[in-house]
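J.: here is my input; please provide its structure:
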Amino acid sequence: MDVALSYSLEEFVDNVLLKPFIETPEPPGDWVNENPIPNNNTVDGQRRTELRQWWIGKMLDNSPPCVREKIVLFWHNHFVSEMSKPNMYPQRMYHQNALFRKEAFGNFRALTKAVTTDPAMLIYLMVTTAARPAPTKTTAANCWNYSPWVLETIRKMM
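T.: I've put the predicted structure just below:
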């Protein structure tokens, strides 16, 4: 609160709310756009560590305070996935993180649709190993913890 009050209203909107949306942070490395290489555990482990440190650095950077990173963390906790799953390459987690950053304050419906087809989420939910090739309502229920409101929203989208 003290930080917000240290700005004028115009400065707060420009420097805290809008600036982070205009500036896309540099990725943790050029590897984020490389194709994942199976059984590359040493390199993937280094990249996972690099990704974690990069994101923690973004969340802790308070010059100016970045509301967007707090919302990215919120969406990451809402649409849960994790790097410990098999075939969960750090590139996929980076791109999911970038999706949350891009859609941080956007349309919830658009974000939900994008997350539903996100490779990291599909791997987390093991949709890629399921008998059906496409996400189902059961997948949606698993993803959003059987929330009636969210399930109804997903049913309307399908």
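
J.: what is the mean pLDDT for stretch 37-55?
T.: Stretch 37-55 carries an average pLDDT of 91.

J.: ok now the helix or strand where Met121 lies, how far from the chain's centre?
T.: Assigned by DSSP states H and E, Met121 belongs to helix 119-124. Offset of helix 119-124 from its chain centre (C-alpha atoms, centre = their mean, to the nearest Å): 11 Å.

J.: what's the answer for stretch 54-72, then?
T.: Centre to centre, stretch against its chain (C-alpha atoms, centre = their mean), the figure for stretch 54-72 is 13 Å.

J.: pull up the distance across it, start to finish.
T.: Counting by C-alpha to C-alpha, to the nearest Å, you get 14 Å between the two ends of stretch 54-72.

J.: thinking again about what came up before, only C-alpha atoms, please: export the helix holding Met121 in CSV.
T.: The C-alpha atoms that make up helix 119-124 are tabulated as CSV, following Å, rounded to 0.1, in the frame of the first residue of the first chain:
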residue,chain,number,x,y,z
PRO,A,119,0.7,-28.7,-24.0
ALA,A,120,1.8,-28.4,-20.3
MET,A,121,-1.7,-28.7,-19.1
LEU,A,122,-2.5,-31.6,-21.4
ILE,A,123,0.6,-33.4,-20.1
TYR,A,124,-0.2,-32.6,-16.5
